[in-house]
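Student: Predicted structure and sequence below. I'll ask about it afterward.
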Amino acid sequence: MPTASSLAGRADLQGDAGRAIGTLRYAAQQRNPELCCARALRDDVLSADIERVWQANLQVHGADKVWRLLRREGTDMARCTVERLMRKADLRGVMRGKVVHTTVADAKAPCPLDWVNRQFKAQRPNPLWVSDFTYVIRVDKVQRALRRSRHRAFCG
């Protein structure tokens with residue numbers, strides 16, 4: 001049987017019983033974890049540390065704080081590694097702030113009539129509507145004044 005290193009870059013080659021070489025390699029790694037690459041072995045160790053620190057801090061810390069705590073303990077790793085492993089383990093920190101729900105439409109409510117009789121028709125193909133808003137800062141609030149609004153033909 002050919003080795004995986006001699007078949008590098010040859011995805012079309014098959015191993016025993018029609019199985020791909022990658023499948024054979026994966027099965028061998030599952031039977032013997034020592035055959036995994038160094039990154040996979042280190043990820044297993046680091047994932048356990050990340051999970052331990054995240055659980056110890058009541059599952060509220062995100063990747064940045066977990067990374068800082070691990071560095072304080074003496075574990076040296078990149079912050080992007082912590083982010084990747086936390087994403088892989090589905091660990092998230094607490095999201096601060098409120099979710100803003102402005103308007104929730106009621107699907108059962110009837111649509112109101114168009115009291116101003118708006119006409120949404122273009123006079124010619126591809127018109128371009130341009131309007132310019134100017135913000136005027138006042139002491140008590142911000143006032144928006146409509147400076148100009150005009151209809152221009154699309155030139156292009």
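Tutor: Nice, thanks for sending it over. Bear in mind the structure is a predicted one, so any value in this text is a computation, not a measurement. Numbers count the residues shown, from 1 in each chain.
Student: Enumerate the positions of the helix or strand Lys65 falls within that are buried.
Tutor: Here Lys65 sits within helix 63-73, counting by DSSP states H and E. Burial within helix 63-73, assessed by neighbour count using 16 or more other C-beta atoms under 10 Å, is assigned to Ala63, Val66, Trp67, Leu69, Leu70. C-beta coordinates here come from the backbone N, C-alpha and C atoms, glycine included.
Student: ok now do the last one, which residues does it touch?
Tutor: Under the criterion of C-beta atoms under 8 Å, 6 or more residues apart in numbering, the contact partners of Leu70 comprise Asp49, Ile50, Val53, Met77, Val82.
Student: can you name the two of those that are farthest apart?
Tutor: Distance extremes for the contacts of Leu70: the farthest pair is Val53 and Met77 at 11.9 Å, using C-beta to C-beta.
Student: Specify which residue of the two has the higher count of neighbours.
Tutor: Val53 (21 against 16; other C-beta atoms under 10 Å).
Student: pretty sure Val53 contacts Arg71?
Tutor: No: with contact defined as C-beta atoms under 8 Å, Val53 and Arg71 do not form a contacting pair (10.7 Å).
Student: For the single longest helix found in the chain, list every residue counted as buried.
Tutor: Assignment by DSSP state H gives helix 38-56 as the longest helix of the chain. Using 16+ other C-beta under 10 Å as the test for burial, helix 38-56 gives Asp43, Leu46, Ser47, Asp49, Ile50, Val53, Trp54.
Student: repeat for stretch 79-92
Tutor: Quick answer for stretch 79-92 (16+ other C-beta under 10 Å): Thr81, Val82, Leu85, Met86, Leu91.
Student: Could you check how far Val104 is from Pro112?
Tutor: Between Val104 and Pro112 the computed distance is 17 Å (C-beta to C-beta, to the nearest Å).
Student: what does Ala105 give?
Tutor: Relative to Pro112, and taking C-beta to C-beta, Ala105 is found at 12 Å.
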